[in-house]
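whatever this is, show me its structure:
(2 chains)
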Amino acid sequence: MSAEPARVPQARQGAGAVVRWSAGLVGSVAVLAGLLAGCSTSATYLGSTGQEFYFKAPKHWYTLSSSDLQSIGLPTAAQDSQLKAQGASYPVYATLASPVAHLGRNGLAGSDPWVLGLVKVLGSTDQTGTSLSSLEDEIFNVSGASSSGLTVKALRPSKLVVKGGLRGTLVEYQLGIGASSLAFEQEAVMNSPTNKVWVLAAGCSARCFVSHQRVLEGIVKSFTVTAQGG
Amino acid sequence: MRPHPFTRSRVALAGGAVALTLGLSACSSGLVVASRADRFYLRLPSGWKTYYKSQLLSNPKWSMFALNPPRVFLAATGGPHPNISQPLSSSNYPWAVFVVEDLAGTAQQSLTLSSLSDVVLPVDQLSQQGTPVQQLQQGQLLVRGALRGTKMAYEIGSGTGGGAIDYQQETWVNSATDRVWALMVGCSPNCYKTNGSLIGSIVQSFYVSNIRIG
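Predicted coordinates:
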């Protein structure tokens, strides 16, 4: 169930984008989803009140396991502890949901849509060096993919997002071509002190993305960060 | 946190439809430079000679700003024989340079907290080109609501060889990252040591409002 490293764009490694997947974090998703379950809607609310964000996924979607996260190239909790100890950026929250309980062998570039929510605390280097343009690299290294020869196609112009003290971008990209390509939409915002980033990405293979574009764009549209940002 | 100076200066600034208002504040001595529209306030020592955007842009020393003129551009200097070349020089008398710039495109997309130091002088570029650059004090991160910024102090150039500039710079940027405000106050290294208190008080007077006034 691992992704194909040679063909499938991997989630960004190292200090750029890492995910800590703990029982506590899973719990906060479950609590939030449970609290809102009584609101007979066609969506499941995912996110974290502690991390001040939520988004809506279709009701029948599953929240995937930590092994699924690891299989798509996201580092383990042990690595995250090291990053934190070094003063580097580290994730404080991550959740991955999809209509299937496990992503197929093509991982994020497979035929099943997915949504990934990530909250990251920025270390001092990233705090002083993060710009609006670099937000597109928070999960997938878009700029790195382009310079390494992978075909990168912007599916829409980058849009500036400003909500009070929060600022960010809304982007839509296709990475690679053909059957192994990945398409995704991503909204990422950071706060005024530039020490915290909230990211929501939704996508799948390019063909799947076209089929599920309305659903995926709806999920990203529901992305709400309740933090003041200042 | 500093008091809200727009309130204190309301009488002096009221009724001004001009983008930039200069006047003597009734509350204390000094030259107030402020704009409601551009949401800033600062106070210069009384007696300082000020130079405006049109004067600066028509002078060869400031030609580097002519290609992309700042929205607001002001320089000022003290001393017995002020001239337009003293600001941003190793003068024996303190000076100030103030800019408000609109950002768009790549400048907006690529701006970082780190690059705020380069808004007036390209400090990073100068350092890479071999100009001695020394940080005089630890940089400070500034946050006021949706505004973010930095306060830095640098020595640019060789302090022993003459021609070096010591200065403090406070720079703010809005959430949309489409406008920056930067105030530089400095002079020669010796002058900077002697006038540290005055330079600090000018920077301390600088205020950018988080909300639109008027």
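
ok, B:Leu121 to chain A distance?
18 Å (Cβ to the nearest Cβ, to the nearest Å). Yep, even glycine has a C-beta here, placed from its N, CA and C like the rest.

contacts only, for that residue.
By Cβ atoms under 8 Å, 6 or more residues apart in numbering or on different chains, B:Leu121 lies in contact with B:Leu88, B:Ile156, B:Met184.

for chain A, tell me which of those residues show up nearby.
Residues of the contacts of B:Leu121 in contact with chain A (Cβ under 8 Å from any Cβ of the partner chain): none.

would a markdown table of those with pLDDT be doable?
What follows is the contacts of B:Leu121, written out as a markdown table (pLDDT from 0 to 100):
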| residue | pLDDT |
| --- | --- |
| B:Leu88 | 95 |
| B:Ile156 | 96 |
| B:Met184 | 98 |
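
quick one: the strands in the chain?
You didn't pick a chain, so chain A it is. Counting by DSSP state E, chain A has strands at residues A:43-48, A:53-58, A:62-63, A:90-98, A:114-121, A:152-163, A:166-175, A:182-190, A:196-205, A:224-225.

please go with chain B instead
B:21-24, B:31-35, B:40-44, B:49-51, B:72-77, B:95-102, B:133-144, B:147-156, B:165-173, B:179-187, B:207-208.

mean pLDDT for these: which is lowest?
Confidence, taken as mean pLDDT, is least for strand B:21-24 of the strands of chain B (a mean of 48).

does B:Ala164 touch B:Ser158 like I think?
Yes. Counting by Cβ atoms under 8 Å, B:Ser158 is a contact partner of B:Ala164 at 5.7 Å.

of these two, who's got more company?
B:Ala164 (20 against 13; other Cβ atoms under 10 Å in any protein chain shown).

now that one. Nearest residue, chain neighbours left out?
Among residues not flanking B:Ala164 along the chain, B:Gly157 sits closest, at 3.7 Å (Cβ to Cβ, 6 or more residues apart in numbering or on different chains).

tell me the pLDDT at that neighbour?
The per-residue pLDDT reported for B:Gly157 equals 93.

next, count neighbours for it.
20.

just to check, it is in contact with B:Gly163?
Yes. Between B:Gly157 and B:Gly163 there is a contact under Cβ under 8 Å: 5.2 Å.

what touches both of the two?
Common contact partners of B:Gly157 and B:Gly163 (Cβ under 8 Å, 6+ apart): B:Ser90.

need the pLDDT of residue 205.
Answering for chain A, as no chain was given. pLDDT for A:Ser205: 96.

not quite, I wanted chain B
B:Ser205 carries a pLDDT value of 97.

pull up the gap between the residue nearest to B:Ala164 and B:Trp172, please.
For B:Gly157, the distance to B:Trp172 (Cβ to Cβ, to the nearest Å) stands at 26 Å.

next: B:Lys61.
B:Lys61 is 26 Å from B:Trp172, by Cβ to Cβ.

more neighbours: these two, which one.
Neighbour count, other Cβ under 10 Å: between B:Lys61 and B:Trp172, B:Trp172 has more, with 27 against 15.

what are the bridge partners for the nearest residue to the more buried one once chain neighbours are set aside, then?
Of all residues not flanking B:Trp172 in the chain, B:Gly149 sits nearest, at 3.8 Å (Cβ to Cβ, 6+ apart). Per DSSP bridges, the residues bridged to B:Gly149 are B:Leu142, B:Trp172.

thinking again about what came up before, using a markdown table, lay out the contacts of B:Leu121 together with neighbour count and distance to A:Asp80.
As requested, those are arranged in a markdown table below (neighbours: other Cβ atoms under 10 Å in any protein chain shown; distance: Cβ to Cβ, whole Å):
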| residue | neighbour count | distance to A:Asp80 |
| --- | --- | --- |
| B:Leu88 | 22 | 46 |
| B:Ile156 | 21 | 40 |
| B:Met184 | 24 | 40 |
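
need the pLDDT of A:Met190.
The model reports A:Met190 with a pLDDT of 98.

for A:Asp80, see how far away it is.
As judged by Cβ to Cβ, A:Met190 and A:Asp80 stand 19 Å apart.

how about A:Lys221?
From A:Lys221 to A:Asp80 the distance is 29 Å (Cβ to Cβ).

could you do A:Glu185 as well?
Distance from A:Glu185 to A:Asp80, counting by Cβ to Cβ: 26 Å.

one step back: surely the residue nearest to B:Trp172 and B:Glu170 touch.
Yes. Using Cβ under 8 Å, B:Gly149 makes contact with B:Glu170 at a distance of 6.6 Å.

what is in contact with those two at once?
Common contacts of B:Gly149 and B:Glu170 (Cβ under 8 Å, 6+ apart): B:Leu142.

show me what contacts the residue nearest to B:Trp172?
Taking Cβ under 8 Å, 6+ apart, we find B:Gly149 in contact with B:Leu116, B:Leu141, B:Leu142, B:Val143, B:Glu170, B:Thr171, B:Trp172, B:Val173, B:Val208.

now swap in A:Val189 and tell me
A:Leu135, A:Val161, A:Lys163, A:Leu166, A:Arg167, A:Gly168, A:Val197, A:Trp198, A:Val225, A:Gly229.

could you find the closest non-adjacent residue to it?
Sequence neighbours aside, A:Gly168 is the residue nearest to A:Val189 in space, at 3.2 Å (criterion: Cβ to Cβ, 6+ apart).

correct me if wrong: the one you found contacts A:Val161.
Yes. With contact defined as Cβ under 8 Å, A:Gly168 reaches A:Val161; the gap is 4.4 Å.
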